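Undergrad: sequence unknown, structure follows:
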């Protein structure tokens, strides 16, 4: 190989390297979005998205039921009809073409991302194996940060039920909350209770393509 050819190869490599780095950085900053899916398609749609190379998140909880005289346990969607996915909203056609997916939640301007903090908090609660149940939205209580225990580092709203502390985590865009059982000594107060920023009539999720 001549000296000229070697020099041309290195020049070409230097030319494409910035583009490669930019692409990796962009992929690492993808945001989460909420998708509506057909009834009973939550697991199938999430699986299809992952097979396409997307990161999908389907919150599941265990539910006991009696079948044939025996107690059985199965995993069911925490938010029936919804799943979460990270993707570039300017290239959402592959998402909408996924079997079972019907819409991307947003407003009149387009898809609205779900804050990373809300997804991380929900994932942490589910991975902790603590008891998680649906709860009315918006929660009324004291805003706190958990300092100890399985949920250390996440924020939520504290409510008192039967003289016991419970932590409420919310997905604002879905207007959905969940209740998590915690120990009272895990909590340290952060701020007075108030409505979360941006929650109001203008944020009520609309279905957009």
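TA: Okay, I see it. Keep in mind that this is a model prediction, so the values were computed, not measured.
Undergrad: where's the residue nearest in space to the middle of the chain, which helix or strand?
TA: Central residue check for the chain by CA atoms, centre = their mean: the C-alpha nearest the mean position is that of residue 119, 3.5 Å away. Under the criterion DSSP states H and E, the helix or strand holding residue 119 is helix 116-127.
Undergrad: Note down every partner strand of the helix or strand that that helix is followed by and its orientation.
TA: Following the chain from helix 116-127 toward its C-terminal end, the next helix or strand by DSSP H and E is strand 132-135. Under the criterion DSSP bridges, strand 132-135 sits next to strand 176-181 (antiparallel) in its sheet.
Undergrad: how far does the strand it pairs with sit from the chain's center?
TA: Distance of strand 176-181 from its chain centroid, counting by CA atoms, centre = their mean, to the nearest Å, is 14 Å.
Undergrad: Now do the buried residues in that strand.
TA: Of the residues in strand 176-181, those buried under the neighbour-count criterion (16 or more other CB atoms under 10 Å) are 176-180. All C-beta spots, glycine's among them, are computed from the backbone N, C-alpha and C.
Undergrad: now swap in stretch 144-156 and tell me
TA: If you call a residue buried by 16+ other CB under 10 Å, then stretch 144-156 has these buried ones: 144-146, 150-151, 154-156.
Undergrad: Stretch 100-114 now?
TA: Of the residues in stretch 100-114, those scored as buried under the neighbour-count criterion (16+ other CB under 10 Å) are 100-101, 103-106, 111-114.
Undergrad: out of the residues you listed, who's nearest residue 52?
TA: Top of the list for closeness to residue 52, among the buried residues of stretch 100-114 and by CB to CB, is residue 101 at 11.1 Å.
Undergrad: The closest one bridge partners, please.
TA: For residue 101, the beta-bridge assignment (DSSP bridges) gives partners residue 37.
Undergrad: That one reaches residue 46, doesn't it?
TA: No - Residue 101 is beyond contact range of residue 46, at 9.8 Å (criterion: CB atoms under 8 Å).
Undergrad: Off-centre distance for the helix holding residue 119?
TA: Centroid separation between helix 116-127 and its chain, computed with CA atoms, centre = their mean, is 7 Å.
Undergrad: Then stretch 83-91?
TA: Between the mean C-alpha point of stretch 83-91 and the mean C-alpha point of its chain there is a distance of 11 Å (CA atoms, centre = their mean).
Undergrad: Span of that stretch from start to end?
TA: Using CA to CA, to the nearest Å, the span of stretch 83-91 from its first residue to its last is 18 Å.
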